[in-house]
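Peer 1: would you be able to build a 3D model of this:
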Amino acid sequence: MGKRIGIWIAAGFLFSALLSGFFGPGSLSATADGKPVVAILKAQEKELVAETWRMNWERTFSQGVNKTRNIDYFRAEWSKESEREIEALVRNAVEIAGGWPVKPGDVVLIKPNLVASIFFLLYHGKTSEDDFQACQTDPRIVRALAVMAKESGAKRIIIGEGPAAGDGWAGYMQGGYLAMVEDLAKEGVKVELLDFTDEPYTWVKSRGLANPEYAVPKVATEATCIISVPALKTHSMTGITASLKNVAVGLMSGRVYGFFKYGAPHQKIPEWITDVASIFKIGYTVVDGIWGMEGNGPLSGDPVETDLIIAGADPVAVDSVCTAIMGFNPKNIGHITMAAKHGLGVADLDQIVVKGESIASVTMEFKVVPEENRWPSEHGGVKNWEERYKAPGK
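Peer 2: Numbering: from 1, shown residues only. I've put the predicted structure just below:
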């Protein structure tokens, strides 16, 4: 009898392993009723995760934007131990949320939010590591996703960004991305870093909610899977910024739309975001909530240590959960409700399955964007800046 039980247990483990290998990370975690799943994980090793990212100011104080020159530029550094801890958090979040989309042969575009070079932030009085981390996507999260994409059989892995302010290469080098990619290459994981400002662009047709077409980096049209890795922040134009805005604004060609992408249709921001997000469907989102930003985001706000990773396959659902975590009502955020209206995902929190931590257990009342810094609501689509979301059970 004992031998027979042992055989069945061994068979069970083998079957589980086969399923895991065949379907990939998190594929068996979808709900039967079709509701999107969003995972919220809180780092238990708070100091290790949130406080080991540090700028090495002892290096040459050079912007170091030319990748062909051997400049010992100042940059972010972190411990390998923290790298492993964050990778474990990311893997766990994806496993819990399910729906990992990367398949063998995919061209994977990972889109972080670098928004501005550190020199731009220094000029605006942001001088601490906490400020930098709150503003930009942590490269350790992006690294974990690149490794996972490689394991899933991606034939090409690209990290691409076109910052609103400053130079993409400065962001990559100062933020530690270039050093991270060089380390990955030693481990057999080839990743391309592309500054979208330097990339050839092409025009793509849209729904026409704001503009009938948009100029985007040509390489974005070649991607078969887009992974959005935004930072958790308030935003002076749209109330909050997370997955949808990260991709829709970041893919606008700086060559065409200029500094801060001001040449884009800012009088119709929810429509513009929905237009671009409809063309470039986000396959997965992992939000950098290790540090958040409150107040006058996305550049001039204050850092908030949140210690969170938020993940899911539905970008609208993820953005809704992020909005609630910051203490705001997603029903008031125009680009979230409009994206849901046009079939890009689910915005109703009652129709979203949250796993890991509950929204109530991690909700923080982020400071709202000051009134004098807010974009006109008829442009940004924010209905009620002041209204707070009260999570059930809080």
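Peer 1: please name the nearest non-neighbouring residue to the residue nearest in space to the middle of the chain.
Peer 2: When C-alpha atoms, centre = their mean is applied to the chain, the residue found nearest the centroid is Val229 (1.7 Å). Leaving aside its sequence neighbours, Val229 sits nearest to Pro112 (C-beta to C-beta, 6 or more residues apart in numbering; 4.7 Å). All C-beta atoms are positioned from the backbone trio N, CA, C, and that covers glycine.
Peer 1: let me know whether the one you found touches Arg143 as I believe.
Peer 2: No - counting by C-beta atoms under 8 Å, Pro112 does not reach Arg143; the two are 10.6 Å apart.
Peer 1: so those two - more neighbours on which side?
Peer 2: Counting neighbours by other C-beta atoms under 10 Å for Pro112 and for Arg143 shows that Pro112 has the greater number, 28 against 24.
Peer 1: need phi/psi at that one.
Peer 2: When quoted as degrees, to the nearest 10, the phi and psi of Pro112 stand at phi -80, psi 180.
Peer 1: show me where the stretch 101-250 of the chain has helices.
Peer 2: Secondary structure of the stretch 101-250 of the chain (DSSP state H, counting those that start in this stretch): helices at 118-123, 129-135, 139-151, 168-174, 177-186, 218-222, 243-250.
Peer 1: which one of those is the most hemmed in?
Peer 2: Compared across the helices of the stretch 101-250 of the chain, helix 243-250 shows the largest average neighbour count, a mean of 28 (mean count of other C-beta atoms under 10 Å).
Peer 1: name the helices or strands packed onto it?
Peer 2: strand 107-112, strand 225-229, helix 269-279, strand 282-294, helix 315-325, helix 334-341 (3 or more C-beta pairs under 8 Å, 6 or more residues apart in numbering; DSSP states H and E).
Peer 1: what lies in contact with it?
Peer 2: If you take C-beta atoms under 8 Å, 6 or more residues apart in numbering as the criterion, helix 243-250 is touched by 111-113, 161-162, 164, 196, 226, 228-230, 235, 238, 261, 264, 272-277, 280, 282, 285, 287, 315-316, 318-319, 322, 335-336, 339, 344.
Peer 1: repeat that with 6 Å
Peer 2: Residues outside helix 243-250 that contact it (C-beta atoms under 6 Å, 6 or more residues apart in numbering) are 111, 113, 162, 228, 230, 261, 273, 276-277, 280, 282, 285, 315, 318-319, 335, 339.
Peer 1: for Gly295, give me its contacts.
Peer 2: 301-302, 367.
Peer 1: what does the pLDDT read for it?
Peer 2: pLDDT for Gly295: 98.
Peer 1: beta partners of Val353?
Peer 2: Using DSSP bridges, the bridge partners assigned to Val353 are Val37.
Peer 1: against Gly393, how distant is it?
Peer 2: Noted for Val353: a distance of 16 Å to Gly393, by C-beta to C-beta, to the nearest Å.
Peer 1: so which of these two has more stuff around it?
Peer 2: The neighbour comparison of Val353 against Gly393 (other C-beta under 10 Å) goes to Val353, with 17 against 8.
Peer 1: surely that one and Lys35 touch.
Peer 2: Yes - at 4.9 Å, Val353 counts as touching Lys35 under the criterion of C-beta atoms under 6 Å.
Peer 1: please enumerate the shared neighbours of the two.
Peer 2: Residues touching both Val353 and Lys35 by C-beta under 6 Å, 6+ apart: none at all.
Peer 1: least trustworthy helix or strand in the protein by mean pLDDT?
Peer 2: helix 2-23 (a mean of 37; mean pLDDT, DSSP states H and E).
Peer 1: okay, and for the stretch 51-200 of the chain, where does confidence drop off?
Peer 2: 60-70, 166 (pLDDT under 70).
Peer 1: how near is the closest residue to Gly263 other than its chain neighbours to Tyr201?
Peer 2: In space, and not counting its chain neighbours, Gly263 is closest to Tyr257: 3.8 Å by C-beta to C-beta, 6+ apart. Applying C-beta to C-beta, the value for Tyr257 to Tyr201 is 10 Å.
Peer 1: repeat for Ile325
Peer 2: 35 Å.
Peer 1: and those two? which has more neighbours close in?
Peer 2: Using other C-beta under 10 Å as the criterion, Ile325 and Tyr201 rank with Ile325 on top: 28 against 23.
Peer 1: what does the pLDDT read for the more buried one?
Peer 2: Looking at Ile325, its pLDDT reads 98.
Peer 1: how about stretch 311-322: buried residues?
Peer 2: 311-322 (16 or more other C-beta atoms under 10 Å).
Peer 1: likewise for stretch 152-160?
Peer 2: For stretch 152-160, burial by neighbour count (16+ other C-beta under 10 Å) applies to 152, 154, 156-160.
Peer 1: then stretch 71-78?
Peer 2: 73-76, 78.
Peer 1: what strand or helix carries the closest residue to Asp130 other than its chain neighbours?
Peer 2: With C-beta to C-beta, 6+ apart as the criterion, Asp130 has its nearest non-adjacent residue at 4.0 Å, and that residue is Pro303. Under the criterion of DSSP states H and E, Pro303 resides in strand 302-312.
Peer 1: name the residues that touch that strand?
Peer 2: In contact with strand 302-312 (C-beta under 6 Å, 6+ apart) are residues 38-43, 46, 50, 89, 93-94, 97, 130-131, 134, 285-287, 289, 291-292, 294-295, 318, 322.
Peer 1: got a list of contacts for stretch 209-220?
Peer 2: 196, 199-206, 251, 253, 256, 265, 268, 271-272, 274-276.
Peer 1: now the buried members of the residues you listed.
Peer 2: Applying 16+ other C-beta under 10 Å to the contacts of stretch 209-220 flags 196, 199, 201, 204, 206, 251, 253, 265, 268, 271-272, 274-276 as buried.
Peer 1: and the residues you listed, which is closest to Arg84?
Peer 2: Distance to Arg84, by C-beta to C-beta, is smallest for Phe196 among the buried ones among the contacts of stretch 209-220, at 30.1 Å.
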